[in-house]
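Chemist: Here is the input, now give the coordinates:
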Amino acid sequence: MDIVLLSYPLRVGGPVYPGEPTLTLDRLADTGAGDPCNSRLLHLFNHFGTHVDGPTHFNPSGPSLDALPIEAFVFQCPGLLDIPKTDDELITAGDLRATLPQGWLCDLLLLRTGFGRVRETDTERYIQHSPGLSPEAAELLFTDLPTVRAIALDTLSVSALAHRDDGRMTHQVLCGLGRKDGRFVLTYEDVNLVPLHEPPLRVWGLPLLFEDADGAPVTMVAEV
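Modeler: Residues are numbered from 1 along each chain as shown. Below you'll find the predicted structure:
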């Protein structure tokens, strides 16, 4: 078995949703300048890079990430769907119905549009024209996939910049806003799904934990 990294390393100037802050680093100590060690101060937006959205991101009644058990971020039965999309397109409920196997019991749904391939070669296109997920597709996760606890996409966000109103509703659905049963679906965004050649055996998507976290960068790895 091998371990595959699905997170992008955080870097200054990395892609971020328009209007949101990127990563900055201040060097506090530098051995090259005569200091006894190296250290840096990170100014890190919690929805930057490969990250997970928690329920409280769009649902004030939902739990924060640090309130969830650590098992919430470990997936024993991940499933991988290839749904090719290009600039500004949305994954629809019809797309999911056409590709979902009957009786699927996965706990993490990896949605690969193929758009992740332009993240490094055309970063501005990845930011401005990344595909997303429709609200109807998000609703279908609750009606047709009762075992799914999380999704992961190779797009900048589930909210495509060209469809921001739809994106807001998609986030609200996934965060469980208005649901009486308390169910939500964790959302991993800006995930590197290029290295996967088949569905992984297990996936860990462990967030940086801090108090009242509505979202956090993650280290995400897959066992294949």
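
Chemist: What is the longest strand along the chain packed up against?
Modeler: Using DSSP state E to assign secondary structure, the strand with the most residues in the chain is strand 215-223. Strand 215-223 is packed against strand 3-5, strand 51-53, strand 202-207, with contacts defined by 3 or more CB pairs under 8 Å, 6 or more residues apart in numbering; DSSP states H and E. For every residue, glycine as well, the C-beta is placed using N, CA and C.

Chemist: quick one: strands adjacent to the last one?
Modeler: Spelled out, that is strand 202-207. strand 74-75 (antiparallel), strand 215-223 (antiparallel) (DSSP bridges).

Chemist: Looking at the residue of the chain most remote from its centre now. What's its pLDDT?
Modeler: No residue in the chain sits farther from the centre than residue 34, which is 40.3 Å out by CA atoms, centre = their mean. Per-residue pLDDT puts residue 34 at 97.

Chemist: follow-up on the earlier one: which one of the helices and strands packed on strand 215-223 has the most crowded surroundings?
Modeler: Neighbour counts (mean count of other CB atoms under 10 Å) averaged over each of the helices and strands packed on strand 215-223 peak at strand 51-53, with a mean of 26.

Chemist: Name the strands paired with it and say parallel or antiparallel.
Modeler: Assessed with DSSP bridges, strand 51-53 is paired to strand 186-189 (antiparallel), strand 215-223 (antiparallel).
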